[in-house]
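> generate a structure from the sequence data that follows.
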Amino acid sequence: MANKKLGRRTTALLWLIGVAVLVGGLIAYEQISILYVLATLSIVVLLLVVGFADLESVGRTDDNARNET
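Below is the predicted model:
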């Protein structure tokens, strides 16, 4: 079997399916407290990623943005 890497869309889709199964399982088994903790931790991680993101060095790649500056 060839050693192929998964694409970005495929990886994102697999993550989405995995999280949906996890959340569905927690709801089905009435583990709302665990779901609440996971949701809180995910919000904290998201805020940390956005907080430490270096947005000033992100360049525009489309042609319209180059013409405007």
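> buried residues in stretch 23-34?
Within stretch 23-34, the residues that qualify as buried by neighbour count (16 or more other Cβ atoms under 10 Å) are L26. Backbone N, C-alpha and C define where each C-beta goes, glycine included.
> distance from it to the middle of the chain?
Here stretch 23-34 shows a centroid-to-chain-centroid distance of 21 Å under the convention Cα atoms, centre = their mean, to the nearest Å.
> neighbouring contacts of that stretch?
In this structure, residues lying in contact with stretch 23-34 by Cβ atoms under 8 Å, 6 or more residues apart in numbering are 35, 38.
> okay, that stretch in CSV with CA atoms only?
Backbone C-alpha positions of stretch 23-34 (Å, rounded to 0.1, in the frame of the first residue of the first chain) are rendered in CSV as follows:
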residue,chain,number,x,y,z
VAL,A,23,-20.2,14.8,21.7
GLY,A,24,-23.1,12.5,20.6
GLY,A,25,-21.8,9.7,22.9
LEU,A,26,-21.5,12.1,25.8
ILE,A,27,-25.0,13.3,25.3
ALA,A,28,-26.4,9.8,24.8
TYR,A,29,-24.8,8.6,28.1
GLU,A,30,-25.9,11.8,29.9
GLN,A,31,-22.4,12.9,30.7
ILE,A,32,-23.2,16.6,30.4
SER,A,33,-20.7,17.6,33.1
ILE,A,34,-17.8,16.1,31.0
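> and it, average pLDDT?
Here the mean pLDDT over stretch 23-34 is 94, rounded to a whole number.
> same question, stretch 50-57
The average pLDDT for stretch 50-57 rounds to 86.
> measure that stretch end to end?
Looking at stretch 50-57, the gap from its leading to its trailing residue is 14 Å under the measure Cα to Cα, to the nearest Å.
> next, name the residue at the spatial heart of this protein.
Nearest to the geometric centre of the chain sits A12, at 7.7 Å (Cα atoms, centre = their mean).
> right, and the helix or strand after the helix or strand encompassing it?
Taking DSSP states H and E as the definition, A12 sits inside helix 8-28. Tracing the chain C-terminally past helix 8-28 and defining elements by DSSP H and E, one meets helix 32-52 next.
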